[in-house]
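> A predicted structure for the sequence below; I have some questions about it.
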Amino acid sequence: MWQSLPEFGTLVLYAVLVAAAYSFSQAVAATNGRHRFLASARLGAYATCALVGVGVMVLAYAFVTHDFRIRYVSHYSDRSMTTDYLIAALWGGQDGSLLWWSTLLALYTAACVTWIRGRFRQLEPIVIATLMAITGFFSVLMLFAANPFQTNVVGAVSDGEGLNPLLQSYWMIIHPPMLYTGFVGCAIPFAFAIAALITGRLDNEWIVGVRKWMLFAWVALSIGNVLGMVWAYEELGWGGFWAWDPVENAAALPWFTATAYLHSTMVQERRNMFKVWNVILICLTFFLTIFGTFLTRSGLISSVHSFAQSDIGVFFVWFMGLVLAVSLGLIVWRLPLLRAESEVEALLSREAAFVINNWSLLGLMVFITGATLFPKLSEWLYNETIVVGPPFFNRWAAPIGLLIFMLMGLAPLFGWRKTSPKAMRRAFVFPLVAAAIAGVLHAVLGQRFGMPAFVSKDTTAAGAMGALLQLGSSAAPLITIILAAFNVAVVLQEFYFGVRARRAASASQNEAENIFESLIKLVAKNRRRYGGYIVHMGITAMYLGFVGTVWSTTEEVSVAPGESFNAAGYRVTYVAPRMCPGGNGCSPEEQSDTSKRMLFADLDVFRGSERVARLSPAKFIYQRGEGMTTTEVALLRGLKADLYVVLGSADPASKRAQLQVHGNPFVSWIWIGVVVLILGASISLWPQVALGRLGVWGAVRASAGVTASVIMAVTLASSLSATGAAEHRVSSNLRRLHAPTDSATSPNAIDLKEIGK
Amino acid sequence: MKPVVNSELPQIQLTPERLRLLFALLLVAVSAFVLVEFGFAAWLLLMAFTLMLCAIGFLWSSVTTVGQAEDITLDEALDLAAPARDEERKLSVLRGIKDLEYERGLGKVSELDYEQLTQRYRTEAKGLLERLDTSEASLRQKAVDLVEERLGKLPLAIEKDNLA
């Protein structure tokens, strides 16, 4: 067994391909209504999923037992790595991440095949066939382009090269799986859309059915993207959380279309409209998940996040072509059935707000895609590479983002079809008053608290558009604060109206309820609506975090031991440098860590006269990777602002330290926002089931669901607070994170080694 | 006083649902034991082995299912009873009425719009219910006939026991 483990793994991948092909054919045969074939396809799909599970277990076993005959294992792990990082290495590189993708797809497929039974009889065969086709594609990819079980040409090596230190982070353990969970989850709605288009069952029930699948995927995508931000913020050390890197952008693209779909689907359910919109958004979301994967792995666009260059891009191009051709062909074929049964009757209606919302989100997605691909497009068109940087992205994405933010507040205020003047007055008075008060307060007091309402921004665009952009960019902080207040007021008002209506109804039936009872029952009876409003609150908090970047401060500080400086509302005193292991004041863990040398600069942070924290930004010099150097950020979180310190260098003779100090206002609100978002989405996802009718499996599933959502939110919240004054490493050399570490070189390594002496 | 001993213990039927639950519980117990006694690597092997057994079992069932020629099972019959197009439309319309009532309660729909929309929904729902009733009447009768025919074949003793 031991001698043949790599071959066994490859054999399992072949078995996956064969089982997927078999299940696909059975499912296609079942489309004629032959029940036996459908039952057979179902069992075949389960078998395929189980085989994928075998594959990932075998690879995990190879990692845990250090089977360095396997090239992937030797490239992404070494004997010093702990078990959690050995498991994280499963998705640390290209080949393994494809297997991980297949594993998640298998889990989704098994859940979907179980769930769909008896619900959508006509759609079921095509849904299974589509999912099996996608599984088949990934197994072909692994077998013929990126086999995670491929052995080293030179045989087993004595030790592996290890996982890139930047990836040895808590966030890296959970960020990729979460992002993949979101990406892969979009395959289920896509399979339904293809099935509905092929069978012509394009009425509303299938879209109600897939809504929760898409919502689940959307939540995972949201969390995955935010975890990516946390990782970039804590690990990359440039002071921000979003750099418009191509791979970051690629991960966000499906989020926009999925968000548009989640709103658009409500219009189809209620008004039988937007059918074309919805199938296009579902297919586009799935396409963008594949496109994002292609962008990360093909090496088409240069990015610090990219995997090592490989030739799997051509496989993705063919697959994307197939997805596009099949989706578009089916949509065009079924256009007569997709015609709306009614139309938008008034501009001041919820339908109209959703149309604008769809176009805005789609526009933002197209803009980001275009700007991300612009270096390659310019190369093709003009024969020169033109790179667009973060200022360009910010200039155009900010206005569209604010438009979407405004629509988020407006849409709930409108009624379906049209809104009467009386209803408009009733709905708008409170939110507008709240927004106006917030705007005035911000304009008057903002400057005093270091958060001015207007900031100076230069735009390169000329003419009227340039002037408009200039004005919009300068006033962006004020507009954001006004819209945030408006959104919060809208949500509070919706809850208030709901509770009031419920209390009035219960009083008329002589079953009077108090406010809290009404509130709980209101949410329990309308989980989707009020869960959605809570999600809006989370998004509002995140917008606050985004706008905080315009007030952020950065300064370079050179200090000798005992000297102090002020930053982000704190007084910071530099104590002394410290070298571990071996130096004074090192913790037992630092003393025993022989894999690297660590240079710290200890800082005491005071609020007034009270010492609130000790921060220790650092440089780490790793023994492996030719002395790869990383920089550890020290971070003190706060609701108003984060104090973020990066160690540039420390002079061994004078002990003077060069520090980069950032004050980042409101960043914590992004992380708070995502926790609120998870809470809201969990309420929306909660199934409408009477507890008494659950049964054993139902109870187990319900408990697992509750536990998972609670653990997810609590883990996220607690880990963010636990790392309140933690250090985080930063690469001092720009290199591909997922590439094997043997390619690492560090221009700073020599200087730091000197300091270490 | 002599205790009354019931010689006929209640028989626990091993339904597929119970078997699955039993299998899951057994797997959890064994995997916990292996994890504690033999470590994580052995646990991974156990999982791989279990999944491989499941894969073989599923594939075997899948292949044999196609070849089976007996009557349709109850599960399969229930599968086939998935909602028809009109049934789905009915659900959609009923949901629309419920939403409309809710929006009216919140004051987001004017009385005029409410009257127009609710009238439209109710007319459609009525038509759908009538159509469903008509289209399903023959099927319902057929089901009743089949059940009666099947019950007629059962031994009389069982029926009497059940009645008693």
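Yes, it's here. Numbering: from 1, shown residues only, chains lettered A, B, ... in the order given.
> and the longest helix for chain B?
helix B:111-153 (DSSP state H).
> other SSEs contacting that one?
helix B:85-106 (3 or more C-beta pairs under 8 Å, 6 or more residues apart in numbering or on different chains; DSSP states H and E). Glycine gets a C-beta too; all of them are placed from N, C-alpha and C.
> CA atoms of the helix it packs on as CSV?
The C-alpha coordinates for helix B:85-106 follow below in CSV (Å, rounded to 0.1, in the frame of the first residue of the first chain):
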residue,chain,number,x,y,z
ARG,B,85,-46.8,22.8,-13.2
ASP,B,86,-50.2,24.0,-12.0
GLU,B,87,-49.4,22.9,-8.4
GLU,B,88,-46.3,25.0,-8.5
ARG,B,89,-48.1,28.0,-10.0
LYS,B,90,-50.8,27.6,-7.2
LEU,B,91,-48.0,27.8,-4.6
SER,B,92,-46.6,30.9,-6.3
VAL,B,93,-50.0,32.6,-6.4
LEU,B,94,-50.8,31.8,-2.7
ARG,B,95,-47.4,33.2,-1.7
GLY,B,96,-48.2,36.3,-3.7
ILE,B,97,-51.5,36.8,-1.8
LYS,B,98,-49.7,36.3,1.5
ASP,B,99,-47.0,38.9,0.6
LEU,B,100,-49.7,41.3,-0.5
GLU,B,101,-51.5,41.1,2.7
TYR,B,102,-48.3,41.7,4.6
GLU,B,103,-47.4,44.7,2.5
ARG,B,104,-50.8,46.1,3.0
GLY,B,105,-50.4,45.7,6.8
LEU,B,106,-47.2,47.7,6.6
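> would you mark the buried spots in it?
Neighbour counts using 16 or more other C-beta atoms under 10 Å in any protein chain shown place B:86, B:88-93, B:95-97, B:99-100, B:102-106 of helix B:85-106 among the buried residues.
> near chain A too, which of those?
Among those, the residues within reach of chain A (C-beta under 8 Å from any C-beta of the partner chain) are B:88, B:89, B:91, B:92, B:95, B:96, B:99, B:102, B:103, B:105, B:106.
> okay, those in JSON lines with pLDDT next?
Output for those, formatted as JSON lines (pLDDT from 0 to 100):
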{"residue": "B:88", "pLDDT": "75"}
{"residue": "B:89", "pLDDT": "79"}
{"residue": "B:91", "pLDDT": "81"}
{"residue": "B:92", "pLDDT": "79"}
{"residue": "B:95", "pLDDT": "82"}
{"residue": "B:96", "pLDDT": "82"}
{"residue": "B:99", "pLDDT": "83"}
{"residue": "B:102", "pLDDT": "85"}
{"residue": "B:103", "pLDDT": "83"}
{"residue": "B:105", "pLDDT": "82"}
{"residue": "B:106", "pLDDT": "82"}
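> among those residues, which one lies nearest to residue A:671?
Within the set of those, residue B:106 lies nearest residue A:671; the separation is 32.7 Å, counting by C-beta to C-beta.
> element containing the closest residue to that closest one other than its chain neighbours?
For residue B:106, ignoring the flanking residues on the chain, the nearest one in space by C-beta to C-beta, 6 or more residues apart in numbering or on different chains is residue A:497 at 5.0 Å. Taking DSSP states H and E as the criterion, residue A:497 maps to helix A:463-508.
> name the next helix or strand following that helix along the chain.
helix A:515-525.
> name the next helix or strand downstream of that following helix, please.
helix A:527-547.
> buried sites along that next one?
A:527, A:529-547.
> what packs against that helix?
helix A:390-410, helix A:463-508, helix A:515-525, helix A:668-685.
> how about CSV for these, with mean pLDDT and mean neighbour count added?
What follows is the helices and strands packed on helix A:527-547, written out as CSV (pLDDT from 0 to 100; neighbours: other C-beta atoms under 10 Å in any protein chain shown):
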stretch, mean pLDDT, mean neighbour count
helix A:390-410, 91, 18
helix A:463-508, 89, 18
helix A:515-525, 91, 15
helix A:668-685, 94, 22
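> any residues of the stretch 501-650 of chain A in contact with chain B? List them.
Contact residues (C-beta under 8 Å from any C-beta) of the stretch 501-650 of chain A with chain B: A:501, A:502, A:505, A:526.
> rerun at 6 Å
residue A:501 (C-beta under 6 Å from any C-beta of the partner chain).
> excluding sequence neighbours, find me the nearest residue to the residue in the stretch 501-650 of chain A that chain B sits nearest to.
The nearest approach of the stretch 501-650 of chain A to chain B comes at residue A:501, 4.2 Å away (C-beta to the nearest C-beta). Spatially, and ignoring its direct neighbours in sequence, residue A:501 is nearest to residue B:105 (4.2 Å; C-beta to C-beta, 6+ apart).
> that neighbour reaches residue A:499, doesn't it?
No: assessed by C-beta atoms under 6 Å, residue B:105 is found out of contact with residue A:499, at 11.4 Å.
> what strand or helix carries residue 26?
Went with chain A since none was named. With DSSP H and E as criterion, residue A:26 is part of helix A:5-30.
> actually it's chain B I care about, not the one you picked
Per DSSP H and E: helix B:16-38 holds residue B:26.
> quick one: is the next helix or strand after that helix near chain A?
Beyond helix B:16-38 in the direction of the C-terminus, DSSP H and E gives the next helix or strand as helix B:40-67. Yes: among the residues of helix B:40-67, B:40-41, B:44-45, B:47-48, B:51-52, B:54-55, B:58-59, B:61-62, B:65-66 lie within reach of chain A under C-beta under 6 Å from any C-beta.
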